[in-house]
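Engineer: have a look; sequence and predicted model below, questions after that.
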Protein chains: 2
Amino acid sequence: MFSQRIDGLRPSPIRSILNVIERPGMVSFAGGLPATDALPSWSGAVPPALLQYGRSEGEPELRAAVSDSLRALGVDAPPERVMILSGSQQGIDLTAKLFVDPGTTVAVEYPTYLAALQVLRFYGAEFADIATSALERVPLGYVVPTFANPTGACMSETERDRLAETCLRTGTAVFEDDPYRELAYEPCDRTPIVARMVGGTWIYQGSFSKTFAPGLRLGYLAASEDLFEHLVAIKQATDLHSSRLSQRIVFDAITDPGWPARLAGLVSFYRSRRDAFEGSLRRHFDGLATWDTPPGGLFYWLRLQRPIDTRTLLADAIENRVAFMPGEEFSPGQPDIGTMRLNFSHASADDTERGLRTLARILARAS
Amino acid sequence: MFSQRIDGLRPSPIRSILNVIERPGMVSFAGGLPATDALPSWSGAVPPALLQYGRSEGEPELRAAVSDSLRALGVDAPPERVMILSGSQQGIDLTAKLFVDPGTTVAVEYPTYLAALQVLRFYGAEFADIATSALERVPLGYVVPTFANPTGACMSETERDRLAETCLRTGTAVFEDDPYRELAYEPCDRTPIVARMVGGTWIYQGSFSKTFAPGLRLGYLAASEDLFEHLVAIKQATDLHSSRLSQRIVFDAITDPGWPARLAGLVSFYRSRRDAFEGSLRRHFDGLATWDTPPGGLFYWLRLQRPIDTRTLLADAIENRVAFMPGEEFSPGQPDIGTMRLNFSHASADDTERGLRTLARILARAS
């Protein structure tokens, strides 16, 4: 099931020792730790102990808070199987390291998240369509079932059940990437797929980039027991651990009594951005493209009425001060010609109106 | 020269687009960026823009500051070829991704940094002794020439010259890992090896963990032109970028007028810890082990007079509340039996005295 490189991954003796040196009264000559007295006293708000090396799994308090939120979703994720990530891009890298050798098949949605394809390909993955392939000999499936990137779609309960059942039967590990879960603008059943996989093999990951702040680079994962220790060992070899300061800031934020109100405000703000975007789209893209209104997330997915490779339009668009993502790049196989991914969260309503008008003009000229 | 996986690494279209969307007046539908208005106003000290996604290379101001310090050492490192890392462990991972396929030979010192061996092995590396091997068909050499981990040794000018010359001749890329440079307790010529490699292929990396704070997870690398863009693309696929908040904190610290005084104070503090350690060692290990007094860095390297595999002593030591690193683990080949790495920066003088007395007693009992 795992990549060949996992055979060479011995648990680090440093790691085993680190687990005991925190015992009271222990004199440690083992690590390469700075003296705690020599750490800077940076701002009164940050205890110097937080500036010392930390655990690869993450800070216990943050792991416990994440565990609580995951268990509320029905995911079997005790704190001991929660790991803090340096952003959820890192979760993809760690998972690819664990599973992918050159030629390993990974089942994905068509289309799917570009940067996941990029990392999986980097380790030599080949792709199969998770919706149509038999998964018997597929070790890993990667999905963004909730407000997918790039399509914005939300997988139905039936589809989730079916995927969980299939993967339980075939022994395929499910890697559920769920950064957009909180950004729901319409009701949408979205219990995680991995909540249906008791006894199965799975990784679930989330991000604080969409609900809090991407610049801190913080995400998390939980995994089934057969995977978790491997992922921690890989994380340790990758960057030792994630910033403890970022972890403290995020912990304070998500456990603040004001957090639910912040999330509600965010959802309402992005919903109105989506609605403004929808209005501009209807004004300018009617007859040029079709789309579904995304029930959540950050993206519109447009399919052009007359399919042009939108990569050929990008230079013209940028010259006219509008940037978009050609949809062709999100396809694991042949480019899906005549598709565009448009983000609606970043630009103001005025900029959206101007940008979409410009883009429609460029498109009409090229069609 | 590169690993096979580099063939599959296409520059990300997102990355190319990110480089233009910062132009004034650009409306971007391209990324998945949160609205800047929706970012938290966390503490008055942090501009919200810093909480947004950033560049894979790092913050321009920090890259420029690192570039200045590297150029003062004679390293050809303009800001455009400096990249900020999520700790220098990450630099090892990125470099291994760039160079190592199963069976690739990497030349290293015997012994060398354990966690580097671990990562290189993970990607399938085999090892050769950089001091004694012909490097003709060796694509990569990894060295910690200044206050090495684990030995504390400082490579002489002659050795540095010779290694640079050899690698220039054989086309071997030099990866110089230099986290301890500032921690010099005695005069020691330590111009980087890569400063002698004009026209060659090299990576130089440093860390803020030893001089500032490991918990922020921040380091940096500079590389020759043939490597740099590959390393940025790999960094992007690995974690997008490093924490912008950590970068701002470190930038403020290292450009503060008090920074040189902080470094001087740190060196003097660690020198006195080393001297206290030396005193305790002489009291308790005379006749049990030999060692060189390290001119810098964080470690003593002990060679036992009667070689016992020190891994067999660890459980007993820990039970007696002393932790150390068995030296056997630092060997790329056969374990180097009868060696120990002892950190002297972390424990107080009193704890050191008690810990070394205990360790000597355990050792004498076992010998």
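Structural biologist: Sure thing, it's come through.

Engineer: state the number of residues packed around residue A:59.
Structural biologist: The burial count assigned to residue A:59 is 20, neighbours taken as other CB atoms under 10 Å in any protein chain shown. The C-beta positions use only the backbone N, C-alpha and C, and glycine is treated the same way.

Engineer: residues contacting the residue nearest to it when sequence neighbours are not counted?
Structural biologist: With sequence-adjacent residues excluded and distances taken as CB to CB, 6 or more residues apart in numbering or on different chains, residue A:59 is closest to residue A:247, at 4.6 Å. By CB atoms under 8 Å, 6 or more residues apart in numbering or on different chains, the contact list for residue A:247 reads A:54, A:58-59, A:62, A:84, A:218.

Engineer: ok, residue A:269 next?
Structural biologist: For residue A:269, the contacting residues are B:35, B:37-38, by CB under 8 Å, 6+ apart.

Engineer: which of the residues you listed come close to chain A?
Structural biologist: Among these, proximity to chain A is found for B:35, B:37-38 (CB under 8 Å from any CB of the partner chain).

Engineer: tell me which parts of the stretch 51-200 of chain A are close to chain B?
Structural biologist: A:51-54, A:86-87, A:89-90, A:93, A:97, A:102, A:114-115, A:118-119, A:121-124, A:149.

Engineer: so what's residue A:154 bridging to?
Structural biologist: Beta-bridge partners for residue A:154, by DSSP bridges, are residue A:146.

Engineer: ok, it touching residue A:296?
Structural biologist: Yes: between residue A:154 and residue A:296 there is a contact under CB atoms under 8 Å: 6.4 Å.

Engineer: could you name every residue contacting both of the two?
Structural biologist: Common neighbours of residue A:154 and residue A:296 (CB under 8 Å, 6+ apart) are A:146-147, A:188.

Engineer: ok and the residue in the stretch 251-367 of chain A nearest chain B?
Structural biologist: Residue of the stretch 251-367 of chain A nearest chain B, by CB to the nearest CB: residue A:355 (3.4 Å).

Engineer: can you tell me the element that residue falls in?
Structural biologist: Assessed by DSSP states H and E, residue A:355 sits inside helix A:349-366.

Engineer: which other residues reach that helix?
Structural biologist: Everything outside helix A:349-366 that qualifies as a contact, by CB under 8 Å, 6+ apart, is A:273, A:276-277, A:280-281, A:283-285, A:288-289, A:304, A:308, A:312-313, A:316-317, A:320-322, A:324, A:342, A:344, A:347, B:27, B:29.

Engineer: out of the residues you listed, which are buried?
Structural biologist: Among the contacts of helix A:349-366, those classed as buried by 16 or more other CB atoms under 10 Å in any protein chain shown are A:273, A:276-277, A:280-281, A:284-285, A:288-289, A:304, A:313, A:316-317, A:321-322, A:324, A:342, A:344, A:347, B:27, B:29.

Engineer: can you flag which of the residues you listed belong to strands?
Structural biologist: Per DSSP state E, strands hold the following members of those: A:289, A:304, A:322, A:342, B:27.

Engineer: residue ranges in chain A under the pLDDT threshold?
Structural biologist: Within chain A, the segments meeting pLDDT under 70 span A:11-15, A:42-46.

Engineer: ok, which stretches of the stretch 1-150 of chain A are strands?
Structural biologist: A:27-28, A:82-85, A:105-108, A:126-129, A:140-143 (DSSP state E, counting those that start in this stretch).

Engineer: how about the residues of the stretch 251-367 of chain A near chain B?
Structural biologist: So far as CB under 8 Å from any CB goes, the stretch 251-367 of chain A lies against chain B at A:253, A:262, A:266, A:269-270, A:273, A:298-299, A:311, A:314, A:318, A:321-326, A:329, A:341-347, A:351-352, A:354-355, A:358-359.

Engineer: buried ones among the residues you listed?
Structural biologist: Buried among these by 16+ other CB under 10 Å: A:253, A:262, A:266, A:270, A:273, A:298-299, A:314, A:318, A:321-326, A:329, A:341-347, A:351-352, A:354-355, A:358-359.

Engineer: please parse chain A into its domains.
Structural biologist: Per the record, chain A has its domains at A:52-254, A:260-366, by automatic domain parsing.

Engineer: end-to-end on the longest one?
Structural biologist: With CA to CA, to the nearest Å as the measure, the first residue of domain A:52-254 is 23 Å from its last.

Engineer: was I right about residue A:321 contacting residue B:23?
Structural biologist: Yes: using CB under 8 Å, residue A:321 is in contact with residue B:23, at 7.3 Å.

Engineer: which SS class is residue A:300?
Structural biologist: Under DSSP: H, G, I helix; E, B strand; the rest coil, residue A:300 falls in the strand class.

Engineer: and the helices in the stretch 51-200 of chain A?
Structural biologist: Along the stretch 51-200 of chain A, counting by DSSP state H, counting those that start in this stretch, helices occupy A:60-72, A:88-99, A:114-122, A:157-170.

Engineer: most packed of those?
Structural biologist: Of all the helices of the stretch 51-200 of chain A, helix A:88-99 has the most neighbours on average by mean count of other CB atoms under 10 Å in any protein chain shown, namely a mean of 26.

Engineer: before we move on, back to that, got TSV for the domains of chain A, with distance to residue B:337 too?
Structural biologist: Listed next are the domains of chain A as TSV, based on distance: least, CB to CB, whole Å:
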stretch	distance to residue B:337
domain A:52-254	25
domain A:260-366	51
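
Engineer: those: which one's closest to residue B:165?
Structural biologist: When these are compared by CB to CB, domain A:52-254 sits nearest residue B:165, at 32.3 Å.

Engineer: in space, what's closest to residue A:327 - neighbours in sequence excluded?
Structural biologist: residue A:339 (2.7 Å).

Engineer: mind listing what that neighbour touches?
Structural biologist: Each residue near residue A:339 by CB under 8 Å, 6+ apart is listed here: A:111, A:301-304, A:310, A:326-328, A:330.
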